[in-house]
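K.L.:
quick check, what structure comes out for this input:
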Amino acid sequence: MDFPLENPILAGQQSITHTATDAKPRNVSRHGNPHEMNQLIPKHKFDIETAEKLNEYSIEELRPIIPALLEWLQDCNWPVSYPVRLFLEKHVAEIQNEIVDVFKTNDNLWKYWILLNLGKGINDERLIAEIKRLASNPTELEKAEELDEISKELIVDKGW
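P.N.:
From the prediction side, this is the model:
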């Protein structure tokens, strides 16, 4: 296999960090109020009730808050991460660009949780190239978070 030696996602770019305020409404929900979508972002790590409401909406309706929802996967030990993950894993194919944005950050633990919980649905060539790089040429910090190991598992599981 031919693996890239540098992060193809970061090539020529600065690292970015997402915060809940980064979500910009791009459309209006069926309920007519983009602000209502922000009410679907869990407010704390025990806000399971809010997270479970995600299932009442389509991925397109929730698109403006996907980056904020992905933030709840920064630590999958948080109780709220489970219902958020269950919702997002059904829509991995539709949120590849937002996942790419996670890989532009320096948060290796967040990347680990994304790969562990959503990795099987990844099919974006940019992410596949990054997963191959992580498996073959990880940094010491990436190794410390076991990104190389989870990447190798994904490569085998997906047959890349």
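K.L.:
need the contact list for the nearest residue to residue 138 once chain neighbours are set aside.
P.N.:
Leaving aside its sequence neighbours, residue 138 sits nearest to residue 148 (CB to CB, 6 or more residues apart in numbering; 4.1 Å). Placement of C-beta: from N, CA and C, glycine included. Counting by CB atoms under 8 Å, 6 or more residues apart in numbering, residue 148 makes contact with 134, 135, 138, 142.
K.L.:
among the residues you listed, which are located in helices?
P.N.:
134, 135, 142 (DSSP state H).
K.L.:
let me know whether the second one touches residue 146 as I believe.
P.N.:
No - the pair residue 135 / residue 146 is not scored as a contact, 11.4 Å apart, by CB atoms under 8 Å.
K.L.:
most surrounded residue in the contacts of residue 148?
P.N.:
Highest neighbour count within these, by other CB atoms under 10 Å: residue 134, with 30 neighbours.
K.L.:
spit out the contact partners of it.
P.N.:
Per CB under 8 Å, 6+ apart, neighbours of residue 134: 142, 147, 148, 150, 151.
K.L.:
could the residues you listed go into a markdown table alongside secondary structure?
P.N.:
Listed next are the contacts of residue 134 as a markdown table, based on DSSP: H, G, I helix; E, B strand; the rest coil:
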| residue | secondary structure |
| --- | --- |
| 142 | helix |
| 147 | helix |
| 148 | helix |
| 150 | helix |
| 151 | helix |
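K.L.:
list the contacts for the residue nearest to the spatial centre of the chain?
P.N.:
Centroid-nearest residue in the chain, with CA atoms, centre = their mean: residue 99, separated by 4.0 Å. By CB under 8 Å, 6+ apart, the contact list for residue 99 reads 70, 92, 114, 118, 122, 124, 127.
K.L.:
got the phi and psi for it?
P.N.:
phi -70, psi -40 (degrees, to the nearest 10).
K.L.:
model confidence at it, what's the number?
P.N.:
Listed pLDDT for residue 99 reads 97.
K.L.:
what segments of this protein are helices?
P.N.:
Taking DSSP H as the test, the helices found in the chain are 34-38, 48-52, 59-62, 66-71, 81-89, 96-103, 108-118, 125-136, 140-144, 147-158.
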